[in-house]
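**Q** what follows is a predicted structure for the sequence shown.
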Amino acid sequence: MQYNDFKGEKISALGFGLMRLPVIDGDQAKVDKEALREMILYAVGNGVNYYDTAYPYHNGFSEKTLGEIAAEEGLRDKINIATKLFTLMMNSPNFSPEAMMTEQLERLKAERIDFYLMHGLSMDKWVTLRDKFDIINFMDRAKKSGRIRYAGFSFHDDTPAFKAILDDYDWDFAQIQYNYADTEIQAGDEGFEYARQKKVPLAIMEPIKGGNLIFPESDEVKAIIKEGNFGYESTAELALRFVADKKGLLTVLSGMGTMEQVKENIAIFDRAAVGCFTPAENEAVEKIKKYLIREAAIPCTDCRYCTEGCPNKINIPRAFSIFNQAKKYGNRQAGMRDYNRSCTNLKDCTECRACADACPQQLDIPELLKGVVDYFEA
Ligand code: SF4
Ligand code: SF4
């Protein structure tokens, strides 16, 4: 296992994300504790010392099961536990950061949380936490009392928001979505560099874009990697190495749900480290990015001008986005889940063309919608 230096400690380059755990009977609250125990013991035995959970993961059973396993196996001092203050609850009348942290410590059977994050910050959420809940004071007090060791935040907004939040507090670390397809959105390359200059190490989430950069059905992408003769043919490995190569990392999180994934990721992070990415691998990434642009089949900009006038309330941009994602990543199966959830009324289209008249991209929306239906229902 490769390690990153963090305030005199060694943090494993691979972090174990605990949000897609094995479950029993498909019930997210029934984490398969014995399967997870085996995975964690294997990961600890192979040097993984960063475990990332959050208040809502698996309806609270991610924190709880991790806490039980850590206590039963005597792991508490061998691993770093990262968890998050669930900011989505801050509009509920009973929300109290203090009470939530106490509950989390109980669930984790721990006296301290090593890495504590404000969960999924946008600028708006940060301002509310800061001004309404005096969260800076809260984090300072929690650090002083030893309930947390390091304070950070995970982030979902744009680059200016990321920089502004970074500037607002003396953060120990931050967590961003970053992968080779997302270098221009969210914090992006610019935010990454800004954090590096400020010496705030980054935990990386979605390094394979929620599985999309695996391209299960794209022979073209697989061929690009094969032709490179990199000594591996895994699309996941290319994506993980792209991130692991960067300076300024705390860890790269991978949400692992099977022992096979744990073993594969550990093998990758035995080899991947800062500076590992070769010019040939970079070339492969550039080719795949071109493929992604080419396969973005419908040039919808998500402006939503078309939605208001639709008599049947069809969510046109959502349908196009699901279609584009599935085509882009060669993953019709993954798109199908979203299609079945959000596009049940596409066939209600009466071809009145109100949407097409409103579309600044001059898209022939009714025809394109038929194409989306054909693609998913053929
Ligand atoms: S053409 Fe179809 S999608 Fe467009 S506004 Fe009319 S009913 Fe809605
Ligand atoms: S108006 Fe056109 S570009 Fe805008 S969201 Fe609708 S389909 Fe997309």
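**A** Alright, I've got the coordinates. Ligands and ions are numbered 1, 2, ... in the order given.
**Q** do you know how far Glu68 is from Ala29?
**A** 14 Å (C-beta to C-beta, to the nearest Å). Where C-beta positions appear, they are placed from N, C-alpha and C, glycine not excepted.
**Q** could you measure from the spatially closest residue to Ala71 that is not a sequence neighbour over to Ala267?
**A** Of all residues not flanking Ala71 in the chain, Lys109 sits nearest, at 4.5 Å (C-beta to C-beta, 6 or more residues apart in numbering). Distance, Lys109 to Ala267, using C-beta to C-beta: 31 Å.
**Q** same question, Asn59
**A** The spacing between Asn59 and Ala267, counted by C-beta to C-beta, is 32 Å.
**Q** name the residues of stretch 278-292 that are buried.
**A** Glu281, Ala284, Val285, Lys287, Ile288, Tyr291, Leu292 (16 or more other C-beta atoms under 10 Å).
**Q** helix, strand, or coil at the residue of the stretch 101-250 of the chain at minimum distance from ligand 1?
**A** In the stretch 101-250 of the chain, the residue that lies nearest ligand 1 is Asn212 (27.0 Å; C-beta to the nearest ligand atom). With DSSP: H, G, I helix; E, B strand; the rest coil as the basis, Asn212 sits in helix.
**Q** what is the burial count for the closest residue to it other than its chain neighbours?
**A** In this structure, Asn212 finds its nearest non-sequential neighbour in Tyr329, 4.2 Å apart by C-beta to C-beta, 6+ apart. Using other C-beta atoms under 10 Å, the number of residues around Tyr329 comes to 26.
**Q** residues from the protein in reach of ligand 2?
**A** The chain comes close to ligand 2 at residues 300-306, 316-317, 358-359, 361, 363, 365, as judged by C-beta under 6 Å from any ligand atom.
**Q** ok, back up a step: okay, Glu68 and Ala29: which has more neighbours?
**A** Glu68 (18 against 12).
**Q** counting by contacts, list what the helix or strand hosting that one packs against.
**A** Glu68 belongs to helix 61-72 when elements are defined using DSSP states H and E. On a contact count with 3 or more C-beta pairs under 8 Å, 6 or more residues apart in numbering; DSSP states H and E, helix 61-72 meets helix 33-45, strand 80-85, helix 97-107.
**Q** next, the angle from the second one to helix 97-107.
**A** If I follow you right, that is strand 80-85. 140 degrees (axes from the mean of the first three to the mean of the last three C-alpha atoms, to 10 degrees).
**Q** name the residues that touch strand 80-85?
**A** Contacting residues not belonging to strand 80-85 are listed as 11, 15, 49-55, 63, 66, 70, 97, 100-101, 104, 108, 110, 113-120, 154, 203 [C-beta atoms under 8 Å, 6 or more residues apart in numbering].
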